[in-house]
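Visitor: The amino acid sequence is not available; the structure is as follows:
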Ligand SMILES: NC(=O)c1ccc[n+]([C@@H]2O[C@H](COP(=O)([O-])OP(=O)(O)OC[C@H]3O[C@@H](n4cnc5c(N)ncnc54)[C@H](OP(=O)(O)O)[C@@H]3O)[C@@H](O)[C@H]2O)c1
């Protein structure tokens, strides 16, 4: 995602990359971020100290995939008043609470998925869950590339929360993240989530509402990661003009 963001920013007239960070000791530290992204250099060397780079006028974009690093970057942005866009997923409950508190202190967009299609899917899922009666049972299936570190995906969890919101239910109480062995019949209200990992799949999400004699399925397939990077840049452009607050991709799209 870092490479894609640098490449897209290089090609856009209104976004300028002013810093790029890897963890200390990373072999790319000291290289030009444009070279690493593939293409022409941009005159920005990859550093290993975000605190030394970030200024209040900057937008910090975190796609580290390491919750502790994302929290550190959020703290740096919040402390100096820089805007923040966080795409990292895989936070546990207490890390999520800490991120929410930090992000609320500055202008920030936090989203498990920056694609426009998934943001609209999430809206549709809430509406479907609200409109369908209790005989419809919901399951979510997600497929991602073999390198993904967290499971289920942050997007699948967000879709589960969208189902719960539509029904006025508590997601943490209804979620079933794995089934194995003699688990017995499913309960009517549970929200099952299954994670598949194979090849270079960018990210597929299917939400199934299974009724008696019929089934409604809502599907999103990301065909390339471009939609995610483009959405994150859209969020960055948007947050630059907002007052302090924690926003979602829903806010960015004005839904
Ligand atoms: N919200 C969205 O739309 C969206 C879209 C795509 C991905 N994601 C999420 O974004 C995260 C990154 O995804 P990805 O596919 O780009 O992963 P990736 O290819 O593993 O890239 C993560 C990068 O962050 C670096 N990193 C790790 N720890 C760091 C630290 N402490 N400080 C600075 N850099 C650090 C990694 O370095 P190494 O090379 O040493 O590992 C790597 O270069 C994941 O959590 C993923 O789920 C979200």
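Guide: Cool, got the structure. Nothing here was measured: the structure is a model prediction, and the numbers come from that model.
Visitor: quick one: average pLDDT of stretch 39-52?
Guide: Average pLDDT, stretch 39-52: 97.
Visitor: buried ones in that stretch?
Guide: 42, 44, 46, 47, 50 (16 or more other C-beta atoms under 10 Å). No exception for glycine: its C-beta is placed from N, CA and C like everyone else's.
Visitor: The closest residue to the first one other than its chain neighbours in helix, strand or coil?
Guide: Just to be clear, that refers to residue 42. Of all residues beyond its chain neighbours, the one nearest residue 42 is residue 34 (3.6 Å), with distances taken as C-beta to C-beta, 6 or more residues apart in numbering. Three-state call for residue 34 (DSSP: H, G, I helix; E, B strand; the rest coil): helix.
Visitor: How many residues are close by residue 34?
Guide: 20 (other C-beta atoms under 10 Å).
Visitor: Now do it against the ligand, distance only.
Guide: 15 Å (C-beta to the nearest ligand atom, to the nearest Å).
Visitor: ok, that residue - contacts?
Guide: 6, 10, 40, 41, 42, 43, 44 (C-beta atoms under 8 Å, 6 or more residues apart in numbering).
Visitor: In a strand, residue 193, correct?
Guide: Yes: with three-state DSSP as the criterion, residue 193 is located in a strand.
Visitor: That one touches residue 157, doesn't it?
Guide: Yes: the pair residue 193 and residue 157 passes the contact test of C-beta atoms under 8 Å, sitting 7.2 Å apart.
Visitor: Give the residues shared as contacts by the two.
Guide: With contacts defined as C-beta under 8 Å, 6+ apart, the residues adjacent to both residue 193 and residue 157 are residue 175.
Visitor: what does this structure have sitting close to the ligand?
Guide: Contact residues (C-beta under 6 Å from any ligand atom) of the chain with the ligand: 1-2, 21-23, 26, 63-66, 69, 87-90, 111-114, 228.
Visitor: Would you mind listing which of these are buried?
Guide: Using 16+ other C-beta under 10 Å, the buried ones in the residues of the chain next to the ligand are 1-2, 21-22, 63-65, 69, 87-90, 111-114, 228.
Visitor: Would you map the strands across the protein?
Guide: Here the chain has its strands, by DSSP state E, at 20-21, 46-47, 59-62, 83-86, 107-110, 137-144, 175-176, 191-197, 203-210, 215-222, 245-247.
Visitor: among the ones you listed, which is nearest residue 124?
Guide: strand 215-222 (5.7 Å; C-beta to C-beta).
Visitor: which one among the buried residues of stretch 39-52 gets closest to the ligand?
Guide: Distance ranking of these against the ligand, using C-beta to the nearest ligand atom, places residue 50 first at 7.4 Å.
Visitor: Would you point out which residue is most central in the chain?
Guide: Computing the C-alpha centroid of the chain and ranking residues by C-alpha atoms, centre = their mean puts residue 112 first, at 1.8 Å.
Visitor: my guess is residue 220 contacts residue 228, does it?
Guide: No: between residue 220 and residue 228 there is no contact under C-beta under 8 Å: 11.8 Å.
Visitor: hey, what's in contact with both of the two?
Guide: Shared contacts of residue 220 and residue 228, counting by C-beta under 8 Å, 6+ apart, come down to residue 115.
Visitor: Now do the same contact list for residue 134.
Guide: 188, 189.
Visitor: List the backbone torsions phi and psi for it.
Guide: Reported as degrees, to the nearest 10, the phi and psi values for residue 134 are phi -70, psi -10.
Visitor: No more questions from me, cheers.
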